[in-house]
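K.L.:
missing the sequence, but the structure's below:
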């Protein structure tokens, strides 16, 4: 029996990027292995659910769970890991806020299934079969997990102690968070790693932001050219930096792309999309309804833009009905 | 759903529309006040989109935001800042499956009790046609 | 310490008592967490009601109060005051409007009770989230800067100056008194303007609480009401103001004559000069643009001739910083330049002059010693006065300047007095004859002075061209017919316009200029002399065309406003609900700075946050709604408080 803290990592509805964020620790990954005992990590280790079930209550020191809750199985695993862990960390934007997966909340689960399995041009499904939970006529009979009614962020399912934001979290932040947790330097419950201020505070383009921003037309990156030495906003490109927690190192800005908001809202904000809506509206250069509508129409998909990462946690999109 | 009694949150600004609502009361206007729940703010520009979303979340079938007429805002331009948010908010609501007719932004000045009554009646009619908001 | 909330329902006589089930409301109020007391009262706003409230609050040891009754617009302040006397912060109060927005408009008792129940519940949930607020004050500077020493500025300065209030009166010209000091006879009684104003000018110049700075303009302004920091630049005069007595010896000696564009060499001055005879302060000034010495040539004629050694060639411009509490813009008016429209013939056709130039002609201290003369030195046999030059037309200024009809009548009268046999006509459309004396004066000019009035179809329907030896005026009359008349002299009554100085002032001060170019008032109807910037006022023609008594009245009006707002020794009350920025959260994204209508957002030195100037913030909360970080603390109307109210309403 080792003295090393036990950690578990699990992925729910996830693209694998958060797993990569751990791999991206590079040489430090070896250090992780020395400093902690990884008891459960499906993508990397050959552990089964029954191994997890066999652990004692609270035996795991820290569980990092990434991905959103989209399947009943994931809901079950989240509850199980909560029971077995002293601390649970929402790892990455999907666990934090629902992530890209959360955009599914703009539609019903049925609509999504129909679209994916019947309507998309690349599918050949003459009988219109939709995936179900069980199958017949074969032995053994595999089971698939059903979809939850709505996509959920992790803290809509279980109690979450800390959050590491980002899609995915940058390696520096992963390191900072992991070592703090493993060394027992525990922040206050509910703490979200990263900065306390919005991205503007550390943005490399900060100096070029004018005192007043007035936009006559919003444009998307594929529709226009812009001066990459200057702030996106006065040029009509929507950068969500003002509404988004900093601490990512402004990697997107550094790559000449405006911020998309993956670090989520600041602590005092209840709805990330609404915070974005407010400041973007304030930039509209118009005093009359017709002008304001015309300029607003240059944003083709406000819901998707504002809730790209946070739909389940928005005021309207995330009402949790299955929390234990 | 002709007997459906919608619940409407009304944001009123301290200087114009709140007075207009009071004027409707002083003049004993006929209006469906039992459907309305008024919230006072200093300026319609204070109405954060989060307020509107929360209003729908806690059970409102409709939301009215009433400020001063354009050009009359006690704080110069607060009502214009409020107006700027409305089209985006309408689109977001639609994408959430909430018909944008359930939210209305308009102006009522201090003496316009009649107008307040009219907006209230119109909103109740609209919401009766749309039915109760199916809260998720 | 747990909150103890008191809920008081005002019966308001039968108004509320008969419309809702008070007992049921008290019962449900008592059921809410934190409610220690629930009571109904007959008339809460009466002296007895208020006394009861105070005693009951103290006896029940309450920490917060909900009052359900009439609209907060009626009595919020009343009950806040009661809370204060009972030892509770006045902002720990929430009022549920169960009268105007409930009892008076819902007939069915059960429905009215249900709404009242929910309004009270919301008020309880909301008041839990209120914070105590202070009525803060700041030190204010009672001193005043008046920009422009014309009649409006002088009136303001004289009225406001006092033992504990210093006035700085700055004027861009070398002398004070503005336009009025250059006038002689004034409508309607032909009193002498410069005589009238001279004693005022003298008082101003010798007043120990008024510092007059001539040749001075405003450069930059920082700060806010009670706390302005103003940089002014005083241009070099090159003459010592203490030593010079205005004897004129230097004018004689100066070899350079500057010809002014008016009736040839009759109006002209030297490169060292006093602007006009009788100008105050009576001190010479050197015009550096025309003086030989300043063009690099050697000349010290004036210094050599001065018996008082008052010439100072080495003088330089000086910048001074003035600390004041209020600023008055009294920069006067400019005139429409008729050269903008060829139809008026001004600058092309000889003896076509403007009314201000006519004013100089009839001034006994003017270039012709008061005689109305043509360029050739002879008296005119016929004179035409043309109204609305540049006024009331889509082409230039669409407004009426309001004073020209009256002074043109005066000019016509003056012309008649001097030239009994001349033919005198007025070309006009409407006549603006407001005020107590105008109609009478018009009748006198029409009948006694035998002045002819020719009505034009439209202010634009007139042409002034050179004829052979005469000036030809062609106009369309009110019947639509073209008429032609010849005159020796034509006087154009030009529109009063907003001068460049006013527009520059507006830029520096960050105040708005209206469509007509004049300064825009905070409220055109109820606050015509204040701009939208607290502490910045306007008086006289800077605000819009007006006559002399109106300019004087506005000068006095701003003095009154200032004396009311900035009492020496007093503190300024700040808005208790002013918003504040949490600097731990603010990333200085500047969203708020774009939309604050009161310019209350300040970027801090460290640049990593903004802050809100508590003296300028009006607590509208627009910044709080727009802040993408949630960094604005919207006192009394926080997001949490509104959410609490919404949840309380809906249940």
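P.N.:
Noted; the coordinates are in hand. These numbers were taken from a predicted model, which means no experiment stands behind them.
K.L.:
Tell me how far the residue lying closest to residue C:643 once chain neighbours are set aside lies from residue A:316.
P.N.:
Closest residue to residue C:643 apart from its sequence neighbours, by C-beta to C-beta, 6 or more residues apart in numbering or on different chains: residue B:54 at 5.6 Å. Heads up, the C-betas are built off the backbone N, CA and C, glycines and all. The gap separating residue B:54 from residue A:316 is 9 Å, by C-beta to C-beta, to the nearest Å.
K.L.:
can I see the domain layout of chain A?
P.N.:
As given by automatic domain parsing, the domain ranges for chain A are A:6-100+A:146-182, A:199-313.
K.L.:
Run through chain B and note the low-pLDDT ranges.
P.N.:
Filtered on pLDDT under 70, chain B yields the residue ranges B:1, B:135-136.
K.L.:
Switch the domains of chain A over to CSV; also include distance to chain B, mean pLDDT and mean neighbour count.
P.N.:
Output for those, formatted as CSV (distance: least, C-beta to the nearest C-beta, whole Å; pLDDT from 0 to 100; neighbours: other C-beta atoms under 10 Å in any protein chain shown):
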stretch, distance to chain B, mean pLDDT, mean neighbour count
domain A:6-100+A:146-182, 7, 95, 20
domain A:199-313, 3, 96, 20
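K.L.:
residue contacts, the residue nearest in space to the middle of chain C?
P.N.:
Central residue of chain C (C-alpha atoms, centre = their mean): residue C:538, 2.5 Å from the mean position. By C-beta atoms under 8 Å, 6 or more residues apart in numbering or on different chains, the contact set of residue C:538 is C:328, C:329, C:330, C:519, C:521, C:529, C:530, C:531, C:554, C:558.
K.L.:
Does residue C:594 touch residue A:233 like I think?
P.N.:
No. With contact defined as C-beta atoms under 8 Å, residue C:594 does not reach residue A:233; the gap is 10.2 Å.
K.L.:
intersection of neighbour lists for the two?
P.N.:
With contacts defined as C-beta under 8 Å, 6+ apart, the residues adjacent to both residue C:594 and residue A:233 are A:213, A:283.
K.L.:
And for the residue in chain B positioned nearest to chain A, the neighbour number?
P.N.:
Nearest residue of chain B to chain A, counting by C-beta to the nearest C-beta: residue B:95, 3.3 Å away. By other C-beta atoms under 10 Å in any protein chain shown, 18 other residues sit near residue B:95.
K.L.:
Might one say that it is in contact with residue A:305?
P.N.:
No. Under the criterion of C-beta under 8 Å, residue B:95 is not in contact with residue A:305, lying 10.3 Å apart.
K.L.:
tell me the contacts of residue 101?
P.N.:
Assuming you mean chain A. Neighbour list for residue A:101: A:13, A:14, A:67, A:68, A:70, A:94, A:151 [criterion: C-beta under 8 Å, 6+ apart].
K.L.:
Oops, wrong one, chain B.
P.N.:
Shown in contact with residue B:101 (C-beta under 8 Å, 6+ apart): B:126, B:130.
K.L.:
please redo it, this time with the cut-off set to 6 Å
P.N.:
By C-beta atoms under 6 Å, 6 or more residues apart in numbering or on different chains, the residues touching residue B:101 are residue B:126.
K.L.:
Show the backbone phi and psi for it.
P.N.:
phi -70, psi -10 (degrees, to the nearest 10).
K.L.:
With residue C:22 instead?
P.N.:
When read as degrees, to the nearest 10, the backbone of residue C:22 gives phi -60, psi -40.
K.L.:
number of nearby residues for it?
P.N.:
Neighbours of residue C:22 using other C-beta under 10 Å come to 18.
K.L.:
surely it meets residue C:40?
P.N.:
Yes. With contacts defined as C-beta atoms under 6 Å, residue C:22 counts as touching residue C:40 at a distance of 5.0 Å.
K.L.:
Common neighbours of the two, please.
P.N.:
Taking C-beta under 6 Å, 6+ apart as the criterion, residue C:22 and residue C:40 both touch residue C:9.
K.L.:
So residue 90, which state does it fall into?
P.N.:
Reading this off chain A. strand (DSSP: H, G, I helix; E, B strand; the rest coil).
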